[in-house]
Every structure is written in C-alpha cells, then in structure tokens.
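Peer 1: Give me the fold of what follows.
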Amino acid sequence: MGGHSHWAGIKHKKAITDAKRGKVWTRIVREITMAAKMGGGKPADNPRLRKAVDDARAANMPAENVKRAIQKGTGELPGANYEELTFEGYAPGGVAVFAEGTTDNRNRSTNEIRKIFEDHGGNMGQAGCVAFQFEKKGTLSVPKSKTTEEALMELALELGADDIKSEDADVFEVFTPPQALQAVADGLKAKGLPVESPEVAMVPKSTVPVASEETARKILELMEGLEAHDDVSNVYANFDIPDTILAAIEK
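Peer 2: Numbering: from 1, shown residues only. Model prediction:
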C-alpha cells in the first residue's frame, strides 16, 4: 500500500478516532472559523467553508455552533484569533512528515509539536524542509464495486481530473487540481457514483519503503501522536509500509 491513501487506510484499519466528540467539534469549529475568515461566510461561494460545514453536519454539530463559528470568522462575533501553521520534519527511517494546523499561540504549538517529534524518534525541521516532497491535490475515492476503472477514468478526466489510481483494494483514488475538486465530485455524483472523502491534501510525489517492523511502529506512533494534538488538523507522510508488516503490528 502506498501513496496518499496509506495513512488514511491505516487509521481506518486501526480505528484511530478522537476519544471525545468534543475534540472533533473543536477542530471543525476552528476550520469553519478559518475558512470564513479567509474566504467569506457564504458556503456557496467558499468551497473550503462548504466542506467544513459538511463535516460539521456529519459530526452532528448543532447548526447554532456552525453559525457562531462562521460569524467569528467574518468578525461579526468576537473570538480567538486563530492562525494557520504547518509543521515539517522527519520520522524514523527518513520518512517526510507534513502537518497542518491552527493555533491561537504559535510558540506553544510549535514547542509541543517539536516534543512529539522528538519523543517518537523524529526531528522537526524548518519550514520548507519537506514541503517540496509533496504536492497539493484534490483527492476523492469511488468504490470499485460501483464502476470500472476505464469508465471512471473517461468520466473523471472529462470533468477535469488529473489522474486515477487503483492501488487500494476497495476504492479508486481520483486526483484533481485543488480548484477542480468540487466540480469533479459534483459531476461524479450527478452520474450516480458515490464519492467518498473529498478533500484537498498534500500528496507525496514519491514514497519511502519501510522494511522494518520496529521502524514502522515508531512512524505510526509519531503519526498518531501528531493526530491527537488539538492544534493539528491534518498529517501527511510519504511512508510505504508493506501489508505484511502492518498485519504484524496490528496483532
């Protein structure tokens, strides 16, 4: 297993979830606030905000919470002054790690994230130290049971997608330019195809094979540590851990 879906697939298999719904809501509120701040408070005109509002609905967040978060982003209500941060570094085995987050205290977040890297055998570097190894792409998945690769390829490319991969056993991965993600997702849905996990993500340009169970375990523990931090919203890495090693770790 490799490529963009690797960490997402592992999280699904290992059932890594937030311990409390409140943590999920906190992250979504921050994302709604930032999206409204950056692109305005109307979901119809702001794809990032529309995605965040959809996530809020999926998490059963009350509409009033969503409304307040938007108003804090647009300045209609007072609130914490969040800013976006990225954290870059290396996990054991030379694996590049790129994390995105929001914070109201840059120094605190940076120090805490650096400690997570160090506690799990990694090193946090300067901005830009691994970003060049990733590319921002729109991504979504379509179940293999619902279409063929040839049919999906023809339709997706016509809608504006860049590429399709079929490495995962259950889904096709569709990659798009970031600005084309919504149009491709809407177009696939209009043709009756279910669309899963649409997002703009940092996709690794190449992957680093991991041959040791010990190294793989350390990498995954670092990823989990970063995911668990309240200020981190997304974590990406370019590792490629064989399914045999994953199976051994999960025992």
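Peer 1: what is the mean pLDDT for stretch 89-107?
Peer 2: Here stretch 89-107 scores 95 as its mean pLDDT.
Peer 1: residues of it that come out buried?
Peer 2: Under the neighbour-count criterion of 16 or more other Cβ atoms under 10 Å, stretch 89-107 has 89-93, 95-103 buried. Using the backbone N, CA and C atoms, a C-beta is placed for each residue, glycine as well.
Peer 1: Next, the distance between the ends of that stretch.
Peer 2: Terminal residues of stretch 89-107 lie 17 Å apart, using Cα to Cα, to the nearest Å.
Peer 1: just the buried residues of stretch 89-107 now: which is nearest N46?
Peer 2: Of all the buried residues of stretch 89-107, N46 sits closest to T102, with 16.5 Å by Cβ to Cβ.
Peer 1: In this model E84 seems to touch that closest one, though I could be wrong.
Peer 2: Yes: if you go by Cβ atoms under 8 Å, T102 and E84 touch, sitting 5.6 Å apart.
Peer 1: Look up how far S109 lies from T26.
Peer 2: Plainly put, T26 is 14 Å away from S109 if you go by Cβ to Cβ, to the nearest Å.
Peer 1: of these two, who's got more company?
Peer 2: S109 (20 against 14; other Cβ atoms under 10 Å).
Peer 1: so where does the residue lying closest to K137 once chain neighbours are set aside fall, helix or strand?
Peer 2: Closest residue to K137 apart from its sequence neighbours, by Cβ to Cβ, 6 or more residues apart in numbering: V203 at 4.5 Å. For V203, the element it lies in under DSSP states H and E is strand 196-204.
Peer 1: now for that strand, which elements pack on it?
Peer 2: helix 47-58, strand 95-103, strand 134-143, helix 181-190, strand 232-237 (3 or more Cβ pairs under 8 Å, 6 or more residues apart in numbering; DSSP states H and E).
Peer 1: Swap in 7 Å and give it another go.
Peer 2: strand 134-143, helix 181-190 (3 or more Cβ pairs under 7 Å, 6 or more residues apart in numbering; DSSP states H and E).
Peer 1: rewinding a little: now distance to I32 too, for the buried residues of stretch 89-107, in JSON lines please.
Peer 2: As requested, these are arranged in JSON lines below (distance: Cβ to Cβ, whole Å):
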{"residue": "G89", "distance to I32": "28"}
{"residue": "Y90", "distance to I32": "32"}
{"residue": "A91", "distance to I32": "30"}
{"residue": "P92", "distance to I32": "35"}
{"residue": "G93", "distance to I32": "36"}
{"residue": "V95", "distance to I32": "31"}
{"residue": "A96", "distance to I32": "29"}
{"residue": "V97", "distance to I32": "26"}
{"residue": "F98", "distance to I32": "23"}
{"residue": "A99", "distance to I32": "20"}
{"residue": "E100", "distance to I32": "15"}
{"residue": "G101", "distance to I32": "15"}
{"residue": "T102", "distance to I32": "11"}
{"residue": "T103", "distance to I32": "16"}
